[in-house]
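*Asks:* whatever this is, show me its structure:
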Amino acid sequence: MPEATAKELSVSEEARLLLDTTVSDRRIAHLLEKADGMSRSLADSRGFVWAAIGIDSTPCDMGCTFCSQAARWDVYKTAPPLTAETIVEKAGQLADGGADFVVLRTTQHYPLEVLQRLGRLTRDRIGSDIHLVINTGEMGFEDVRVLKDSGFTMSYHVVRLRESVDTGHSVDMRMRTIENVLKGGLELQYLIEPLGPEHSAAEILIEARRARVVGASGTGVMARVPVMGTPLARYGQVSDAYLKRVAALARLEYPDGGRHLCVHPPTPATLRCGANTIIVEQAANPRDTSSSASPWRGFDLPGARAVLREAGLEVRQARAEA
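*Replies:* From the prediction side, this is the model:
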């Protein structure tokens, strides 16, 4: 997708209202309701849980200015990578507990051959009815094919907001991997991220529209979590009220696909504004300064399923309930 400047980008009246913080919540309430109805229709009123396992916290040389695992900020208490046995055990627990996606998340240069083995082991444990997602660094076409053959069905990969300015990557680099992912036969999850208070409406719109252009099977928004010691921490975090608006925008800009609309961090109010997918995560985490065996910020799988149900969304039956 070609990059656009603020002057070149055609902004709809809906987008203008949603992203203008001087416009009251009352004036955009109908847009939030519209987005919610669209997502419920697309997904048959289903809610989804994205369950991520951070495999490693290897200090990364890409230097992203929001990431706690970037080597240059030296803020992460690095832990040994999880063993294959631990990963498979955690993945199995998540699958049995009702997760719709099991995500193996790594730092930029995690070895492909290790991921290949982990994919096979994890797929054998979780069965064939759950998405196994890879969230890793840049991948060539053959890398993607190998991972698909190993049991992965989806990739999380995006062009981040202010890519190459706030990151060590280029837009072309990220888009090459996205193209390889799709050509290699994996589905793509694509969020607007990492959203901060400083990002303009034009920047947000470019990524909202890119999800549709590339044909992602899921879209949404992830707010940047400020980690003390990283350069962008000084900007703080967007409000829940604004996150609701961007979630609605993601749906309105992608009305005909992307049935999984994810929001992170989990914000229950967004589940009435177009979002239907929330994330639980554990172990290594670029939004924190250390790894943990427990769910991030105490938000666990049963809690996520309860939040979805409270929003009137149906959830996958846990195997323990069958």
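
*Asks:* all helices of the protein, in order?
*Replies:* Listed in chain order, the helices of the chain (DSSP state H) span 13-19, 25-42, 84-96, 112-126, 141-149, 171-183, 201-214, 240-252, 301-310.

*Asks:* please name whichever of the ones you listed is nearest to R160.
*Replies:* In terms of C-beta to C-beta, the element of these nearest to R160 is helix 171-183, at 7.4 Å. No exception for glycine: its C-beta is placed from N, CA and C like everyone else's.

*Asks:* got a list of contacts for that closest one?
*Replies:* Helix 171-183 is contacted by residues 1, 3, 138-141, 143-144, 155, 157-160, 163-164, 188, 190, 214-215 when judged by C-beta atoms under 8 Å, 6 or more residues apart in numbering.

*Asks:* what mean pLDDT would you report for it?
*Replies:* Averaged over helix 171-183, pLDDT sits at 98.

*Asks:* could you turn the buried ones of the contacts of helix 171-183 into a PyMOL selection?
*Replies:* To isolate the buried members of the contacts of helix 171-183 in PyMOL, using 16 or more other C-beta atoms under 10 Å:
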select buried, resi 138+139+143+144+155+157+158+159+160+163+188+190+214
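
*Asks:* need the residue closest to the centroid of the protein.
*Replies:* Among the residues of the chain, the one closest to the centroid is L191, at 5.5 Å (C-alpha atoms, centre = their mean).

*Asks:* wait, what's in contact with that residue?
*Replies:* With contact set as C-beta under 8 Å, 6+ apart, L191 has these partners: 156, 158, 211, 219-222, 250, 262, 264.

*Asks:* one more: R72?
*Replies:* Contacts were defined as C-beta under 8 Å, 6+ apart; by that measure R72 touches G63.

*Asks:* run the last query once more with 10 Å
*Replies:* For R72, the contact set (C-beta atoms under 10 Å, 6 or more residues apart in numbering) comprises 59-65, 168, 230-231.

*Asks:* could you list the low-confidence segments of the chain?
*Replies:* By pLDDT under 70, the weakly predicted segments of the chain are 1-9, 322.
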